[in-house]
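S.K.: Let me see the structure of the following:
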Amino acid sequence: MADLRRGLVPLLAAAAAALPGCSAGATGPAPRAGLPSAVSTSRSPAPAVTSPSAHRSPSPRPTQRASVPPDIASARPELDPTTRPAPTSGTLRRRSLPAPAALGPGWAYRVDPGSAEEGYLTSGEPATARAPREVVAGLAPYACPDLTSPPQLPVPRHALEVTYVHRPDGAPGVGLALDLASAAQAATFLRRYTQAQADCSSGRARVPSGTAVSVLARDADGAVVRRRDPADSGGVVWVEAVGSAGPRVLLTALADTAGTDVDPQRLARALRGSLRGGR
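M.R.: This next block holds a predicted model:
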């Protein structure tokens, strides 16, 4: 719910404009978010991609939009420049994360075509395997005035990213499925991750710069937050849910715009349903 620069947690205040020409399950030009200087992740050069570049860097179009939270964008894995990553990772599949219909009206899967300019490849499907160590390097609130150090998160054995789009207005969404070595590690991951979000909130939802987090709900099994990205990353508002069950941790973030009007409770239910399914 970027480099994953700093996790799937970026979810704060400004709404981003719609992605042009996106449709369910189709590859289309996606808005691209600038990468804030969180955790730098080196990427191997990728061969030219014929499809329009997706998110992760300033768009040449007049209107810029974030297609994933900056954290998630920044933690792109290093990839073999000649090999596309798989659409699965270990036992993780696209269905490990909530189906679009569970997120609310208008949501659909989106295929990120990858970006030659940004130097990363995708599977060519809505789900793409991610390098676990790169993901963890970015999972912490970016530019958070109240967070003095990033959380020390256990490294998953497997990581998978799934991308969504809100068809009526092109607003983006993204999910991460992580498999840890044990239920104890997953619980530690969740506890440290959600604590970082809480540490980044401190009632600063109206701070003029940096990342602002508002914790909407939090318990031992997960959390739901609303977050505004820093202005230099587009100032997009995201609603993100995170939870764990057994050795698995799931995170899903949706851009909260006038068109999407994300329901935090529905997002939390969708995530819990996927965790119960354990697929």
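S.K.: the strands in the protein, which residues?
M.R.: For the chain, the strands defined by DSSP state E cover 107-109, 127-130, 158-166, 171-179, 212-219, 222-228, 237-245, 248-255.
S.K.: can you list those strands in TSV and add distance to residue 276 and mean pLDDT?
M.R.: In short, each C-beta sits where N, CA and C put it, glycine included. As requested, the strands of the chain are arranged in TSV below (distance: least, C-beta to C-beta, whole Å; pLDDT from 0 to 100):
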stretch	distance to residue 276	mean pLDDT
strand 107-109	20	98
strand 127-130	20	95
strand 158-166	18	97
strand 171-179	14	97
strand 212-219	16	87
strand 222-228	12	90
strand 237-245	7	96
strand 248-255	11	97
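S.K.: can you list these in CSV and add mean neighbour count?
M.R.: Formatted as CSV, the strands of the chain follow (neighbours: other C-beta atoms under 10 Å):
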stretch, mean neighbour count
strand 107-109, 20
strand 127-130, 25
strand 158-166, 27
strand 171-179, 29
strand 212-219, 19
strand 222-228, 25
strand 237-245, 27
strand 248-255, 29
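S.K.: With distance to residue 277 added, can I get the ones you listed in a markdown table?
M.R.: Below are these laid out as a markdown table (distance: least, C-beta to C-beta, whole Å):
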| stretch | distance to residue 277 |
| --- | --- |
| strand 107-109 | 17 |
| strand 127-130 | 15 |
| strand 158-166 | 14 |
| strand 171-179 | 11 |
| strand 212-219 | 20 |
| strand 222-228 | 15 |
| strand 237-245 | 9 |
| strand 248-255 | 10 |
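S.K.: And the ones you listed: which comes nearest residue 191?
M.R.: Closest approach to residue 191 among the strands of the chain (C-beta to C-beta): strand 237-245, 9.1 Å.
S.K.: what residue ranges in the protein are flagged as low confidence?
M.R.: Low-confidence regions of the chain, defined here as pLDDT under 70, cover residues 1-82, 142, 145-146, 202-209, 278-279.
S.K.: can you give me the helices for it?
M.R.: Secondary structure of the chain (DSSP state H): helices located at 70-74, 100-103, 132-138, 183-201, 264-277.
S.K.: rewinding a little: closest one to residue 272 among the strands of the chain?
M.R.: strand 237-245 (6.2 Å).
S.K.: Next, the angle from that closest one to strand 248-255.
M.R.: If you take axes from the mean of the first three to the mean of the last three C-alpha atoms, to 10 degrees, strand 237-245 sits at 170 degrees to strand 248-255.
S.K.: got the CA coordinates for strand 237-245 in CSV?
M.R.: Coordinates of each C-alpha in strand 237-245 appear next as CSV, following Å, rounded to 0.1, in the frame of the first residue of the first chain:
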residue,chain,number,x,y,z
VAL,A,237,-2.4,10.6,-0.9
TRP,A,238,-2.4,6.8,-0.4
VAL,A,239,-4.4,4.5,1.8
GLU,A,240,-2.4,1.4,2.7
ALA,A,241,-3.3,-1.7,4.6
VAL,A,242,-0.7,-4.2,5.9
GLY,A,243,-1.2,-7.5,7.7
SER,A,244,0.4,-10.9,8.4
ALA,A,245,-0.7,-14.5,8.9
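S.K.: Which elements pack onto it?
M.R.: Other helices and strands packing on strand 237-245, by 3 or more C-beta pairs under 8 Å, 6 or more residues apart in numbering; DSSP states H and E, are helix 183-201, strand 222-228, strand 248-255, helix 264-277.
S.K.: quick one: which of the strands of the chain is nearest residue 141?
M.R.: If we rank the strands of the chain by C-beta to C-beta, the stretch that ends up nearest is strand 212-219, at 6.2 Å.
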